[in-house]
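Student: Using only what follows, build the 3D model:
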Amino acid sequence: MFYIIRFVFCIWFIASVSFIVQAQPNASLSPEIEQMHENAIQYAKRGNYKDALLIYKQMTTLQPTNSVLQKEVGEIYFLNKDYKEAVKKLKPLLKKLSQQERLTTFNSATSIPEIVAGSQLYLKKYHASFKTIKQGIANYPNANGGLYTIKGLVYEDKHKKLKALNTYIRGIKQDTGCYSNYYYAAKIYLHSRNVVPGLLLAEMYLNLDFDADMNTQKTDLKKEIFEKYKELYENLLVSKEPNYNKAQSKAITFEDKVTAILKKLTPVLSDGITTENLTMFRTRFLIEWLDTANYTPFPLFDYEHMLAANGYFDIYNQKLFGETEDTLQYKAWNQFHAGDIQRLDSFINANKMKTDVFIPFFNKRYYKKSFFKVKKMKGLSEI
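Tutor: Just a heads-up that it's a prediction; the model follows:
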């Protein structure tokens with residue numbers, strides 16, 4: 001339940017931070033109710049959901065058939081963490097509202113089916129949540145990757161890691177901008193023997209979740225990435241060179257090419273996993289990757305190349321690894337390179353990573369490779 005509770009909280013947090021910013025005037029309201037509506041919005045904007053609900057109840061009594069008001073009441077209940085009432089108000093509206101209305105909430109990052117499914121999940125109504133998810137995906141599969149995240153979490157709670165991973169990857173394919181699927185897919189891969197996809201997905205998540213600077217999740221993931229590079233180095237040392245002449249290796253995958261270059265560069269890390277060595281290792285990788293005859297476009301590598309071309313890649317690696325390796329050393333680096341992190345942040349804010357290209361290396365061959373010999377992981381209920 002830990003991941004589920006955290007994800008429902010994430011939906012709540014995103015909705016509450018941006019609450020009302022996306023709200024539009026309700027043309028179906030009479031002038032007197034319109035003023036009440038504005039007052040309710042102001043209460044909700046300040047986080048005073050109790051008084052907002054009181055006004056909404058009055059409005060829905062005066063206009064009981066106004067489905068938009070009913071939808072907003074359900075959202076307020078969700079923000080007030082009254083998940084039972086949120087489901088009660090919003091579930092009947094799933095069939096009444098138009099597709100656009102179902103997708104449009106006070107915060108455009110969430111949808112009504114996502115709020116309903118997340119609330120049902122928190123209430124441990126897994127069957128009902130799964131049904132809401134399936135209906136939501138069937139109605140608009142390309143609209144919101146959050147539904148795939150919730151579906152994956154249901155599988156994880158049932159200890160079905162492989163199905164969860166497949167669901168997260170499908171979510172990335174359908175909605176490449178939904179960062180939650182990158183995060184949860186990365187976490188599964190990072191706890192398997194096949195850490196390469198996990199490292200790539202985790203770094204993509206860090207570049208997609210622009211609010212993550214404000215929570216500990218990003219810091220924890222940076223620490224995990226640093227530790228997993230140590231594991232990657234050890235795995236590459238004992239791994240065999242791929243034999244591309246074998247009949248079964250006719251189709252050389254994206255991941256085959258990535259791993260082959262990484263293995264070739266292991267001497268760069270021979271004297272330890274440090275920020276400086278990782279920066280050199282990753283820079284050399286980019287050079288090799290761009291020189292590869294069978295170059296494949298990949299959002300993260302293309303983005304890193306853009307950073308390198310503009311003189312920011314060394315700073316980027318310091319921000320990614322420096323503090324994790326040595327806090328005092330990172331502080332000293334910041335003093336010596338005053339303003340560099342701020343310049344990097346400004347550049348990144350103006351040049352965000354594009355994810356319009358689907359990740360080409362996730363296939364069932366690698367699912368099996370990773371998880372039929374998977375390391376033992378704690379169940380979610382034990383974490």
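Student: Which element is encountered next along the chain beyond the longest helix anywhere in the chain?
Tutor: Longest helix in the chain, counting residues (DSSP state H): helix 216-238. For helix 216-238, the following helix or strand on the C-terminal side (DSSP states H and E) is helix 254-264.
Student: Quick one: residues contacting A128.
Tutor: A128 makes contact with Q120, according to C-beta atoms under 8 Å, 6 or more residues apart in numbering. Glycine gets a C-beta too; all of them are placed from N, C-alpha and C.
Student: Which of the helices or strands spans the residue lying closest to K223 once chain neighbours are set aside?
Tutor: Once flanking residues are discounted, K223 sits nearest to T324: 5.0 Å by C-beta to C-beta, 6 or more residues apart in numbering. T324 belongs to helix 323-325 when assigned by DSSP H and E.
Student: Name the residues of that helix that are buried.
Tutor: Residues of helix 323-325 classed as buried by neighbour count (16 or more other C-beta atoms under 10 Å): E323, T324, E325.
Student: Tell me the one of these nearest I225?
Tutor: T324 (8.0 Å; C-beta to C-beta).
Student: I'd say that closest one and F226 touch.
Tutor: Yes. Under the criterion of C-beta atoms under 8 Å, T324 makes contact with F226 at 4.4 Å.
Student: so L232 sits right up against K263, yeah?
Tutor: No. Using C-beta under 8 Å, L232 is not in contact with K263; the gap is 9.9 Å.
Student: Between those two, which has more neighbouring residues?
Tutor: Counted by other C-beta atoms under 10 Å, L232 and K263 do not tie: L232 has more neighbours, with 22 against 16.
Student: contacting residues around the more buried one?
Tutor: V195, V196, L199, L262.
Student: what separates the nearest residue to the last one once chain neighbours are set aside from T296, distance-wise?
Tutor: Spelled out, it's L262. Leaving aside its sequence neighbours, L262 sits nearest to L236 (C-beta to C-beta, 6+ apart; 5.9 Å). The gap separating L236 from T296 is 20 Å, by C-beta to C-beta, to the nearest Å.
Student: returning to what we had before: how deep is the residue nearest to L262 tucked in, by neighbour count?
Tutor: 16.
Student: That one against I261, yeah?
Tutor: No. Using C-beta under 8 Å as the test, L236 is too far from I261 to be in contact (10.5 Å).
Student: how is the chain carved up into domains?
Tutor: 2-208, 225-240+257-382 (automatic domain parsing).
Student: could I get those as CSV with distance to T216 and mean pLDDT?
Tutor: Shown next, in CSV, are these (distance: least, C-beta to C-beta, whole Å; pLDDT from 0 to 100):
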stretch, distance to T216, mean pLDDT
domain 2-208, 11, 79
domain 225-240+257-382, 13, 84
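Student: Single out the most deeply packed of the ones you listed.
Tutor: domain 2-208 (a mean of 19; mean count of other C-beta atoms under 10 Å).
Student: Between helix 254-264 and the longest helix of the chain, find me the angle.
Tutor: 70 degrees (axes from the mean of the first three to the mean of the last three C-alpha atoms, to 10 degrees).
Student: Alpha carbons of helix 216-238, as CSV, please.
Tutor: Taking C-alpha atoms only, helix 216-238 is exported to CSV below (Å, rounded to 0.1, in the frame of the first residue of the first chain):
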residue,chain,number,x,y,z
THR,A,216,12.9,14.2,-1.1
GLN,A,217,11.9,11.7,-3.8
LYS,A,218,14.3,13.3,-6.3
THR,A,219,17.2,13.3,-3.8
ASP,A,220,16.6,9.7,-3.0
LEU,A,221,16.5,8.7,-6.6
LYS,A,222,19.8,10.5,-7.3
LYS,A,223,21.4,8.5,-4.5
GLU,A,224,20.0,5.3,-6.0
ILE,A,225,21.3,6.2,-9.5
PHE,A,226,24.8,6.8,-8.1
GLU,A,227,24.8,3.4,-6.2
LYS,A,228,23.4,1.6,-9.3
TYR,A,229,26.3,2.9,-11.4
LYS,A,230,28.6,1.0,-9.1
GLU,A,231,26.5,-2.1,-9.7
LEU,A,232,26.5,-1.5,-13.4
TYR,A,233,30.3,-1.3,-13.4
GLU,A,234,30.5,-4.7,-11.6
ASN,A,235,28.0,-6.3,-14.0
LEU,A,236,29.8,-5.0,-17.1
LEU,A,237,33.1,-6.4,-15.8
VAL,A,238,31.8,-9.9,-15.6
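Student: quick one: contacts of stretch 349-358?
Tutor: So stretch 349-358 is contacted by 172-173, 176-177, 204, 207-208, 210, 297-300, 302-303, 306 (C-beta under 8 Å, 6+ apart).
Student: for that stretch, the distance to its chain's centre please.
Tutor: 14 Å (C-alpha atoms, centre = their mean, to the nearest Å).
Student: again, but for stretch 180-193
Tutor: For stretch 180-193 - counting by C-alpha atoms, centre = their mean - the centre lies 10 Å from the chain centre.
Student: Keeping just the C-alphas, turn it into CSV.
Tutor: Once non-C-alpha atoms are left out, stretch 180-193 reads as follows in CSV (Å, rounded to 0.1, in the frame of the first residue of the first chain):
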residue,chain,number,x,y,z
SER,A,180,5.1,8.9,-13.1
ASN,A,181,5.4,5.9,-15.4
TYR,A,182,9.1,6.6,-15.9
TYR,A,183,9.6,6.7,-12.2
TYR,A,184,7.8,3.4,-11.3
ALA,A,185,9.2,1.5,-14.3
ALA,A,186,12.7,2.8,-13.3
LYS,A,187,12.2,1.6,-9.7
ILE,A,188,11.4,-2.0,-10.9
TYR,A,189,14.4,-2.1,-13.3
LEU,A,190,16.8,-0.7,-10.7
HIS,A,191,15.9,-3.5,-8.3
SER,A,192,16.5,-6.1,-11.0
ARG,A,193,19.6,-7.5,-12.6
